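Chemist: would you be able to build a 3D model of this:
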Amino acid sequence: MPSLAQMTGSLHIHNFYIGKLKAKQEQLFDSDPELAMLLDNVAAVLSEHAVVLADDIADMERDD
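Modeler: Numbers count the residues shown, from 1 in each chain. The predicted model follows:
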């Protein structure tokens, strides 16, 4: 199992890319709605994974 530091780093990376995807999705919404929707879907998947990571991190912190 990854360490707490690795999981926290992964969560930060997820959040960074979620922000990037959402910003790009907003830029492309008028010019390429299909790509904007795809980016929104990718951001949603990453967001779900980020929630799981955050829960796992909270569990690990509680156990320590």
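Chemist: and the helices in this structure?
Modeler: Counting by DSSP state H, the chain has these helices, from start to end: 4-28, 33-63.
Chemist: give me the buried positions along the last one.
Modeler: So that's helix 33-63. By neighbour count on 16 or more other C-beta atoms under 10 Å, the buried set for helix 33-63 is 36, 39, 40, 43, 46, 50, 53, 56. For the C-beta atoms, the positions are set from N, CA and C on the backbone; glycine is no exception.
Chemist: circling back to that earlier point, could you dump the helices of the chain to a markdown table with mean pLDDT?
Modeler: What follows is the helices of the chain, written out as a markdown table (pLDDT from 0 to 100):
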| stretch | mean pLDDT |
| --- | --- |
| helix 4-28 | 96 |
| helix 33-63 | 96 |
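Chemist: any idea how far stretch 57-64 is from the middle of the chain?
Modeler: How far stretch 57-64 lies from its chain's middle: 20 Å, per C-alpha atoms, centre = their mean, to the nearest Å.
Chemist: what does stretch 34-52 give?
Modeler: Using C-alpha atoms, centre = their mean, the offset of stretch 34-52 from its chain centre is 7 Å.
Chemist: re the thing from before, between the buried residues of helix 33-63, which is nearest residue 1?
Modeler: Of all the buried residues of helix 33-63, residue 56 has the smallest distance to residue 1: 8.9 Å, by C-beta to C-beta.
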